[in-house]
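Novice: turn this into a model:
(chains A and B)
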Amino acid sequence: ETGVTQTPRHLVMGMTNKKSLKCEQHLGHNAMYWYKQSAKKPLELMFVYNFKEQTENNSVPSRFSPECPNSSHLFLHLHTLQPEDSALYLCASSQGQALSGNTIYFGEGSWLTVV
Amino acid sequence: AQKVTQAQTEISVVEKEDVTLDCVYETRDTTYYLFWYKQPPSGELVFLIRRNSFDEQNEISGRYSWNFQKSTSSFNFTITASQVVDSAVYFCALSGASTGANSKLTFGKGITLSVRP
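Specialist: Numbers count the residues shown, from 1 in each chain, chains lettered A, B, ... in the order given. Model prediction:
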């Protein structure tokens, strides 16, 4: 069983919908991340949170809005998405200073389809 | 900027064959970390190994082994006696140790491994 849990695993939404992806880590880590994985593209880092504070926003469009209420939970709020936003969204966590060579543990991902 | 190259895109082998997945990296950092992850069809990225730049000792874990050579900037991964359950996409990744742009985990494009019965 993975230490990083994501829900829902699959989501289909219209371009005018508002939905949220949820992530919870059970590893006692203090850093959490959102990554996007599109077909035929390398993994893209979207957001980084360190002790609940956002430390990285990798030029992500505002239609993606992250929220980190505590070190164990991370949300990605979605609204007015485009079909090209369809992808696998991976949540991850790590111990210690965010990034910096620390091992990042990933969840199972949320498969998002925008229609 | 740092870079990870996985030149092989798809590899197909028959069960019980040995297979080596290549990874070549570029970085200007003197301290850095190399990783391998496995991504089965379910989507989860499963952590396999992390090595720091000062430890060039090869590592073996069951059927998996890793060969780290700084001289050629390579960190290759070998699966011995492959099994159908090894079928997945394998990613090599690199991270600098300090804060800043190079501290981000840079992934290669991945190698799709298919193991046929």
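Novice: so what's residue 19 scoring on pLDDT?
Specialist: All of this is about chain A. Listed pLDDT for A:K19 reads 96.
Novice: hmm, no, I was thinking of chain B.
Specialist: On the pLDDT scale, B:V19 gets 98.
Novice: can you get me a residue count around B:Q69?
Specialist: As a burial measure, B:Q69 scores 11 neighbours (other CB atoms under 10 Å in any protein chain shown). Any C-beta I mention is one placed from the backbone N, CA and C, and that applies to glycine too.
Novice: partner residues bridging it?
Specialist: For B:Q69, the beta-bridge partners are B:S74 (DSSP bridges).
Novice: over to A:C23?
Specialist: A:Q6, A:L74.
Novice: could you do the one 10 residues further on as well?
Specialist: A:Y33 has the following beta-bridge partners by DSSP bridges: A:V48, A:A92.
Novice: run through the strands of the chain in chain order.
Specialist: In the absence of a named chain, chain A is used. Under the criterion DSSP state E, strands of chain A are mapped to A:4-7, A:10-13, A:18-25, A:31-37, A:44-50, A:53-57, A:64-70, A:73-79, A:87-94, A:105-106, A:110-114.
Novice: um, chain B though
Specialist: Taking DSSP E as the criterion, chain B carries its strands at B:3-5, B:10-14, B:19-21, B:24-26, B:32-39, B:46-52, B:59-61, B:64-69, B:74-79, B:88-96, B:106-107, B:111-116.
Novice: the third one pairs with which strands, parallel or anti?
Specialist: With DSSP bridges as the test, strand B:19-21 is paired with strand B:74-79 (antiparallel).
Novice: identify the residue nearest residue 13 in space, chain neighbours excluded?
Specialist: I went with chain A, as the question did not name one. Ranked by CB to CB, 6 or more residues apart in numbering or on different chains and with sequence neighbours excluded, the top spatial neighbour of A:M13 is A:K19, at 5.1 Å.
Novice: wait, chain B
Specialist: Using CB to CB, 6+ apart, the nearest residue to B:V13 is B:V19, at 4.9 Å.
Novice: who's in contact with that neighbour?
Specialist: Contacts for B:V19 (CB atoms under 8 Å, 6 or more residues apart in numbering or on different chains) come out as B:I11, B:V13, B:T78, B:I79, B:S82, B:L113, B:V115.
Novice: and it, what are its bridge partners?
Specialist: Here B:V19, judged by DSSP bridges, has bridge partners B:I79.
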